[in-house]
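Novice: What follows is a predicted structure for the sequence shown.
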Protein chains: 2
Amino acid sequence: MLLCDIGNTSYHFLDESDEYKRSVGVFHPETIKEKVYYISVNSSVNSKLALLDNWIDLSSFVNRDSYYETMGIDRIVACEAVNNGIIIDAGSAITVDVVRESTFEGGFIYPGVNAMQKTYKDISPALDYAFNFSLNPNSLAKNSQDAISYGYLKLLYSEVLSHKLPIILTGGDADKLQALFINATINPHLLFNAMHKIIEKNL
Amino acid sequence: MLLCDIGNTSYHFLDESDEYKRSVGVFHPETIKEKVYYISVNSSVNSKLALLDNWIDLSSFVNRDSYYETMGIDRIVACEAVNNGIIIDAGSAITVDVVRESTFEGGFIYPGVNAMQKTYKDISPALDYAFNFSLNPNSLAKNSQDAISYGYLKLLYSEVLSHKLPIILTGGDADKLQALFINATINPHLLFNAMHKIIEKNL
């Protein structure tokens, strides 16, 4: 069974246990002839896929009533798979969502690691540092690398911990954030697992 | 007396009570013939100004020992002017510095309003919203505009308040952040006041 989670920048496939990504800019979905079960937050991709019979959009099987209208289907599917936790999905954006006793309490969107790195660099070449993911979150910064790392990472860290819930890390940059959220559970396949459940229940 | 605070994007002048900005990209400092007292964080501007006798760099009168080597002179000058407080200087970057009982405890650097707006827009056109500066910081987001506003503003808000110090807002976007930091003191001329003091003391 072929699953696909489509984000802002890539098609993320899972073919049984084989996982791979294709860039949104260059991949042609019509080259795949077998059935693909997908979710997508990418509106330009959505309009292409709507024309292809073998691409099955799982979003139609999800009850969106508990969520807000413009919330990405990836976030909704992840929330549906969690009973109690704060979900950090670290991709081109970092989405953070709070589910308490199976109820979605709300969330927020933070720039992804690459996007934020570019942001600092574009503000000034003097801020062109890689983030220090091993930053001590309990100490204000006294050098430039830590000053941007604290700005980006420590603020996220404090917010996430303030909700006092189990932390679930997923997405392409989950491994980078693991150094900061040392008690988090890493679940790289949270979305694919949730998609499997939707298929089992509905198809 | 002509003062100038030079940032990443602009020359910010104060001529007695007359204030104006000139873009770093197009302004020619040699067109000014009178004496200018300045501080600058812009290395490409610095090399031009070093050749002009009437541009007096105030950084040489500041004792940098209490600060870190690559810390911007604007942040240092602001810290020197404050005895007890957390200084938010909202320009192309937002620098945040903590001074407790006249001792610099450290700080961090966060992207400025325009830079962060562009960051979200570049991640996805679905995130191209203006920030809601009147956001309720006590409630997780349930719409897209609040989701990015919470990500950007609430995280900054929590961090700043956690230091339990008087909040001093300065820089070009201080007025925007005032809606969030309702108890802050706005001091648009914090840097110019500090520069005046350096001149009185040393020149």
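Specialist: Yep, that arrived.
Novice: from here on, contacts and neighbour counts on C-alpha atoms
Specialist: Noted.
Novice: in chain A, which spans are helices?
Specialist: Assigned by DSSP state H, chain A shows helices spanning A:43-49, A:73-80, A:113-123, A:144-149, A:155-162, A:174-178, A:190-202.
Novice: tell me the residue furthest from the middle of chain A?
Specialist: A:K142 (31.2 Å; CA atoms, centre = their mean).
Novice: Please read off the pLDDT at A:R100 from the model.
Specialist: At A:R100, the model reports a pLDDT of 98.
Novice: Burial check on A:Y20, number of neighbours?
Specialist: Neighbours of A:Y20 under the rule other CA atoms under 10 Å in any protein chain shown: 12.
Novice: Share the number of residues neighbouring A:N84, please.
Specialist: Neighbour tally, A:N84, other CA under 10 Å: 18.
Novice: what separates it from A:E101, distance-wise?
Specialist: For A:N84, the distance to A:E101 equals 5 Å [CA to CA, to the nearest Å].
Novice: neighbours of the residue nearest to A:I56 when sequence neighbours are not counted, just the number please.
Specialist: Residue nearest to A:I56 in three dimensions, not counting chain neighbours: A:Y37, with 4.8 Å by CA to CA, 6 or more residues apart in numbering or on different chains. As a burial measure, A:Y37 scores 21 neighbours (other CA under 10 Å).
Novice: And for the one 3 residues further on?
Specialist: By the other CA under 10 Å criterion, the neighbourhood of A:S40 contains 22 residues.
Novice: which residues pair with it across the strands?
Specialist: Taking DSSP bridges, one finds A:I6 as the beta-bridge partners of A:S40.
Novice: which parts of chain A sit against chain B?
Specialist: Contacts of chain A with chain B, taken as CA under 8 Å from any CA of the partner chain, map to A:8, A:67-71, A:92-93, A:105-111, A:115-116, A:119-120, A:123-124, A:139-144, A:146-148, A:150-152, A:155-156, A:158-159.
Novice: repeat that for 7 Å
Specialist: Neighbours of chain B within chain A, by CA under 7 Å from any CA of the partner chain: A:8, A:68, A:70-71, A:92-93, A:105-111, A:115, A:119-120, A:123-124, A:140-144, A:147-148, A:150-152, A:155-156, A:159.
Novice: List buried residues within those residues.
Specialist: For the residues of chain A next to chain B, a burial check counting by 16 or more other CA atoms under 10 Å in any protein chain shown picks out A:8, A:71, A:92-93, A:105-111, A:115, A:119-120, A:123-124, A:140-144, A:147-148, A:150-152, A:155-156, A:159.
Novice: Switch the helices of chain A over to TSV; also include mean pLDDT.
Specialist: Converted to TSV, these look like this (pLDDT from 0 to 100):
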stretch	mean pLDDT
helix A:43-49	95
helix A:73-80	96
helix A:113-123	98
helix A:144-149	98
helix A:155-162	98
helix A:174-178	97
helix A:190-202	95
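Novice: Out of those helices, which one sits most buried?
Specialist: helix A:144-149 (a mean of 24; mean count of other CA atoms under 10 Å in any protein chain shown).
Novice: what's that one packed up against?
Specialist: Applying 3 or more CA pairs under 7 Å, 6 or more residues apart in numbering or on different chains; DSSP states H and E, one finds that helix A:144-149 makes contact with strand B:103-111.
Novice: now for the strand it packs on, which elements pack on it?
Specialist: If contacts are counted by 3+ CA pairs under 7 Å, 6+ apart, strand B:103-111 sits against helix A:144-149, strand B:93-100.
Novice: these two touch, right, A:E34 and A:N54?
Specialist: Yes. With contact defined as CA atoms under 7 Å, A:E34 reaches A:N54; the gap is 6.4 Å.
Novice: Which strand residues bridge the residue most central in space within chain A?
Specialist: Nearest to the mean C-alpha position of chain A, counting by CA atoms, centre = their mean, stands A:D89 at 3.0 Å. In this entry, A:D89 is beta-bridged to A:T95, A:T170, by DSSP bridges.
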